[in-house]
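> with the sequence up front, the predicted model follows.
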Amino acid sequence: MSIGQVLTAARQQAGLTIEQVGQRTRIRPTIIASIEADEFGPCGGDTYARGHVRAIAHVVGADADELVAEFNRSAAHLADPGSQEFFAAEASAARPQRHGPNWAGAAVLVLLLVIGYAAFSLLRGHGASTATTAAAGVTTGASPTPRVTATPQPSATAPSGSTATLPPGTVAQASPGAVTVTLSTPSGPSWISATTGSGRQLFAGLLSRGTSQTFTDGSAVRLVIGNAGAVDLVVNGKNIGTPGGMGQVVRLSFTPTSPSNG
């Protein structure tokens, strides 16, 4: 039997593939296949060929010394291959093998993209809903939740487009050519939002029971009251009383010609 036949039979007897032998010897499978076919040219010369034969023989359980001696007897006349042949073998071994498209991987990628887009849409929709609720600035119910709490500076008379905190029971005097609204909470707490006619925020927060706020603007004062039954209103010096029932949310607008509300 030739060297290649001995190595092939020993490998098969050991239950190994050419790839497994290549992993254990770190010799490229194409060179191992050439040696098993008794083609030693791709090895790059007699010295490399002897080393490859010895390494393969150790892995497959063949007699390495005997095979190397046989190689020396049978391949002594072989010359080293030309550079063109050697590099052609190297290029062939290094050339990557072509594979078909990985449809499973593509399907997984598409599925991940769909899941990611769905999650993004859900989060974006949730964020938009939260932003809309915050922009509305009011929750209908018995216990409205304040959006922000302002800390106005106390003043007996508030300038145009301003807000003032007054002692309980105090009513601010109406300013000529402007609208002045005094809001008190004798019956319980209430959430309040007050803006000017141009939409500028005067106040947004929770008034505790027994407190008052006064708002003044040159064109209009617009109110959102979260617990109308707990509030008393005085508009331009005229007491118009409670604007609604307990737990009721009302929206009111007053001008310099009020007390009729809108």
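Thanks, I have the structure now. Quick caveat, the model's predicted, so the values are computed rather than measured.

> please count neighbours and contacts with C-alpha atoms only from this point.
Noted.

> helix/strand/coil for the spatially closest residue to L233 that is not a sequence neighbour?
Distance criterion C-alpha to C-alpha, 6 or more residues apart in numbering; nearest residue to L233, sequence neighbours excluded, is L183 at 4.8 Å. Assigned by DSSP: H, G, I helix; E, B strand; the rest coil, the conformation of L183 is strand.

> for L183, list each beta-bridge partner.
Q213, L233 (DSSP bridges).

> wouldn't it be in contact with R209 here?
No - counting by C-alpha atoms under 8 Å, L183 stays clear of R209, with 11.5 Å between them.

> neighbour count: the two, which is higher?
L183 (27 against 16; other C-alpha atoms under 10 Å).

> any weak-confidence spans in this structure?
75-103, 122-176, 260-262 (pLDDT under 70).

> how does it divide up, domain by domain?
3-94, 162-254 (automatic domain parsing).

> pick the most buried one from those domains.
Each of these was scored by mean neighbour count; the highest is domain 162-254, a mean of 21, by mean count of other C-alpha atoms under 10 Å.

> my guess is P186 contacts G210. True?
Yes - the criterion here is C-alpha under 8 Å, and P186 meets it with G210 at 4.7 Å.

> so who does the closest residue to G241 other than its chain neighbours touch?
Nearest residue to G241 in three dimensions, chain neighbours excluded: D232, at 4.9 Å (C-alpha to C-alpha, 6+ apart). Taking C-alpha atoms under 8 Å, 6 or more residues apart in numbering, we find D232 in contact with L183, S184, T185, P186, N239, I240, G241, T242, P243.

> what of R251?
Applying C-alpha under 8 Å, 6+ apart, we find R251 in contact with R222, L223, V224, I225.
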